[in-house]
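Sequence and predicted structure below; questions after.
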Amino acid sequence: MRPSAARRPPQARRAPLAARPGLRIKSPDALLAESGTDLDGNGLTRSMGLFQVVCFGIGAIVGTGIFVGLSDTVAHAGPAVLISFVLAALTCIFTAFSFAELGGAIPVSGSSYSYAYATLGERTAFLVGWCLLLEYGVSVSAVAVGWGQYLNELLGSLTGWQLPAALASPPGDGGIVNVPAVVVLLLAATLLVRGIRESARATAAMAVLKIAVLLLFCAIALSAFRDGNLTPFAPEGVAGITSGASVAFFSYIGFDAITTAGEEVKNPRRNIPLAIMICIGVVTVLYCLVALSAIGALSAGDVADKPAALSLIVNHVTHSAVGGGVIAFGAVVAIASVVLAVMYGQTRILMSMSRDGLIPRVFARISPRTATPVANTWIVAVVFAVPAAVVPLDVVMNLTTIGTLAIMAVVNISVMVLRRTRPGLARRFRVPLFPVSPLLGIAFSLYLIYGTGRATWLEFAGFLVVGAVVYALYGRRHSRLRTAPEPTPDEGAQSSEEAHRSEPAPLS
């Protein structure tokens with residue numbers, strides 16, 4: 001006769017699910033209790049208001065994706081690039097609802113990593129953080145690569161001289177080492193370590209400038225609009241639109257970086273959801289207007305796969321290099337602001353993971369003088385300068401896109417899980433049409449993942465396997481949840497008084 005479960009020796013009994021290392025949950029109260037400081041007590045400061053957060057979001061989104069990536073999207077979809085941008089926007093909108101709810105309920109720097117930790121367990125959270133290396137760290141390399149192309153365009157307009165292609169272009173486009181990409185990363189790190197107030201002001205100024213430049217482009221391009229350039233509208237059919245949407249999605253990457261500022265935003269429960277919604281609306285309208293203007297002024301065949309396409313179009317319309325020089329200047333500023341904002345997001349993600357013990361402690365250290373993670377910032381700048389210098393842009397973009405889409409699917413799952421496990425958690429914003437919206441967000445994310453292609457799927461699968469090994473060898477063994485008791489809800493509320501203070505009626 002089989003012995004009963006009660007008579008089995010302790011070592012033979014199976015551990016409950018919650019006790020298994022990979023399934024450990026870190027409650028929202030614990031996340032909030034530990035927010036704002038490093039393990040030595042040095043803290044971040046809440047200095048960003050709503051306007052600065054919106055500018056930070058626009059700064060993180062608008063850059064290489066539209067100034068450089070537009071021509072790649074047109075190569076896939078033709079004039080139907082408009083539909084590709086709308087499809088990518090729909091994916092972002094549904095997921096943005098989930099980010100807005102979670103960002104207001106758990107306003108911490110960990111963003112989607114912390115949301116997964118609070119809902120799906122430690123192993124999933126680590127893999128989300130691992131994928132965030134693609135969304136933030138690797139994407140900042142891709143953005144920096146595009147900066148060199150427009151810098152050369154600007155130098156040519158102003159002086160007639162350009163950097164040699166071997167030093168200013170990515171490998172595969174005639175380059176050997178992309179020196180400007182390395183320079184912009186190091187400049188961004190220099191500004192970030194000075195303090196969040198200075199970084200926020202610089203990002204706000206650059207965001208206003210690049211919106212003005214894109215509106216100027218639209219005004220110039222629309223003056224030469226030709227209906228005939230819109231036919232045939234979808235030369236590659238639905239397949240072209242889908243693959244174009246997967247490429248266009250890269251242009252929207254960055255809106256979730258707003259949630260990484262959760263510990264440095266004033267009144268985060270109100271301002272983070274509002275900023276996400278405002279950014280997605282502004283950027284979608286702007287992108288569709290730019291795409292329509294570009295294709296109307298110059299045929300899809302002439303735009304496809306052209307570096308610095310917007311400058312090319314303005315030069316064609318004005319028959320002068322001056323207008324293109326203005327657009328190139330706007331692109332140089334725009335792409336630099338993306339590098340700044342996305343690098344900021346990456347450092348805050350790593351800071352949160354380090355605070356939890358899943359990566360080395362050096363990433364969590366905050367300078368008492370500047371209230372910024374100085375060592376973390378310089379490590380990120382130096383490490384990701386390498387792919388920026390020597391990796392082809394298309395390889396970086398494809399991996400970044402699929403990694404971000406996977407994160408978005410997880411965030412939509414997380415918002416549904418947290419509604420079930422913590423229904424009483426304070427939420428300033430609630431996802432409308434729940435649970436339809438997060439389910440649609442998951443569906444759109446999987447649809448665009450399908451459009452990235454088999455080669456990208458295999459590369460991403462290999463990337464996840466490496467992440468799982470890193471977690472097993474380091475993260476699981478050093479996790480603070482192994483020994484540190486979780487703070488009580490009262491301690492969590494007390495340490496995050498501003499994030500928990502009472503609010504008026506929900507936004508939706």
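Yep, it's here.

Residue ranges in the stretch 251-400 of the chain under the pLDDT threshold?
Residue ranges of the stretch 251-400 of the chain with pLDDT under 70: 307, 391-397.

hmm, 90 instead?
Within the stretch 251-400 of the chain, the stretches with pLDDT under 90 are 251-270, 280-281, 284-285, 287-288, 291, 296-345, 366-372, 383-400.

ranges for the helices of it?
Using DSSP state H, counting those that start in this stretch, the helices of the stretch 251-400 of the chain run over 268-297, 300-303, 309-318, 321-355, 374-390, 393-421.

Please spell out which residues along the last one are buried.
Within helix 393-421, the residues that qualify as buried by neighbour count (16 or more other CB atoms under 10 Å) are 393-416, 418-419. Glycine gets a C-beta too; all of them are placed from N, C-alpha and C.

tell me the mean pLDDT over the helix or strand following it?
For helix 393-421, the following helix or strand on the C-terminal side (DSSP states H and E) is helix 436-451. Confidence for helix 436-451, expressed as mean pLDDT, is 90.

Repeat that for stretch 34-50.
69.

For that stretch, measure first residue to last.
24 Å (CA to CA, to the nearest Å).

Deepest in the core, which of the helices of the stretch 251-400 of the chain is it.
helix 321-355 (a mean of 26; mean count of other CB atoms under 10 Å).

Tell me how far that helix lies from the chain's centre.
11 Å (CA atoms, centre = their mean, to the nearest Å).

relative to helix 374-390, how tilted is it?
130 degrees (axes from the mean of the first three to the mean of the last three CA atoms, to 10 degrees).

Now do helix 321-355 against helix 309-318, angle only.
170 degrees.

In a strand, residue 26, correct?
No: counting by DSSP: H, G, I helix; E, B strand; the rest coil, residue 26 falls outside a strand, being coil.

And it, what's its pLDDT?
For residue 26, pLDDT reads 91.

so who does it touch?
114, 117-118, 122, 125, 356, 481, 486 (CB atoms under 8 Å, 6 or more residues apart in numbering).

For those, give me CSV that also has secondary structure and distance to residue 348.
Shown next, in CSV, are these (DSSP: H, G, I helix; E, B strand; the rest coil; distance: CB to CB, whole Å):
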residue, secondary structure, distance to residue 348
114, helix, 10
117, helix, 15
118, helix, 17
122, helix, 19
125, helix, 15
356, coil, 13
481, helix, 20
486, coil, 22
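
Go through these and say which is closest to residue 328.
residue 114 (38.7 Å; CB to CB).

Could I get the contacting residues of the closest residue to residue 449 other than its chain neighbours?
Here the nearest residue to residue 449 in space, its sequence neighbours aside, is residue 405; by CB to CB, 6 or more residues apart in numbering that works out to 4.9 Å. By CB under 8 Å, 6+ apart, the contact set of residue 405 is 91, 249, 445-446, 448-449, 452.

if we go to 7 Å?
249, 445, 448-449 (CB atoms under 7 Å, 6 or more residues apart in numbering).

helix, strand or coil for the residue nearest to residue 300 when sequence neighbours are not counted?
Nearest non-adjacent residue to residue 300, counting by CB to CB, 6+ apart: residue 78, 4.5 Å away. Using three-state DSSP, the structure places residue 78 in helix.

if I look at residue 78, how far off is residue 221?
17 Å (CB to CB, to the nearest Å).

Also residue 333?
In terms of CB to CB, residue 333 sits 19 Å off from residue 221.

And the pLDDT for the residue nearest to residue 449?
In this model, residue 405 carries a pLDDT of 89.

same check, this time on the one 10 residues further on
At residue 415 the predicted local distance difference test score is 96.

Same question for residue 500.
43.

Secondary structure class of the nearest residue to residue 447 once chain neighbours are set aside, three-state.
The spatial neighbour of residue 447 that comes closest, neighbours along the chain excluded (CB to CB, 6+ apart), is residue 242 at 7.3 Å. What three-state DSSP gives for residue 242 is helix.

most surrounded residue in the contacts of residue 405?
The most crowded member of the contacts of residue 405 is residue 249, carrying 32 neighbours; neighbours defined as other CB atoms under 10 Å.

name the element the closest residue to that residue other than its chain neighbours belongs to?
Excluding its sequence neighbours, the residue lying closest to residue 249 (CB to CB, 6+ apart) is residue 88, at 4.2 Å. For residue 88, the host element (DSSP H and E) is helix 81-105.

And that helix, what does it pack against?
If you count contacts as 3 or more CB pairs under 7 Å, 6 or more residues apart in numbering; DSSP states H and E, helix 81-105 packs onto helix 69-77, helix 237-248, helix 268-297, helix 393-421, helix 436-451.

and that helix with helix 393-421, angle?
Interaxial angle of helix 81-105 relative to helix 393-421 (the same axes, to 10 degrees): 40 degrees.

okay, now residue 266: neighbour count?
Neighbour tally, residue 266, other CB under 10 Å: 14.

Enumerate the positions of the helix or strand harbouring residue 147 that are buried.
Assigned by DSSP H and E, residue 147 belongs to helix 139-159. By neighbour count on 16+ other CB under 10 Å, the buried set for helix 139-159 is 139-157.

that older thread, and which of the contacts of residue 405 is nearest residue 383?
Distances from residue 383 to the contacts of residue 405, taken by CB to CB, are shortest for residue 249, at 24.7 Å.

And the closest one, how close does it get to residue 405?
Residue 249 is 7 Å from residue 405, by CB to CB.

The residue nearest to residue 300 and residue 349, how far apart?
37 Å.

again with residue 419
24 Å.

same question, residue 116
For residue 116, the distance to residue 349 - CB to CB - is 12 Å.

Same check on residue 166?
34 Å.

just residue 410 next, same as before
14 Å.

swap in residue 202?
21 Å.

Any idea how far stretch 113-132 is from the middle of the chain?
On CA atoms, centre = their mean, the centre of stretch 113-132 falls 15 Å from that of its chain.

what distance separates the start and the end of that stretch?
So stretch 113-132: terminal residues 8 Å apart, CA to CA.

ok, residues contacting that stretch?
21-28, 31, 102, 106, 108, 112, 349, 352-353, 358, 403, 406-407, 410-411, 413-414, 417-418, 421, 464, 467-468, 471, 475, 479, 481.

ok, now stretch 440-450?
90-91, 94-95, 98, 245-246, 249, 402, 405, 408-409, 412-413.

10 Å instead?
87-99, 242-243, 245-249, 401-413, 415-416, 431, 433, 456-457, 460 (CB atoms under 10 Å, 6 or more residues apart in numbering).
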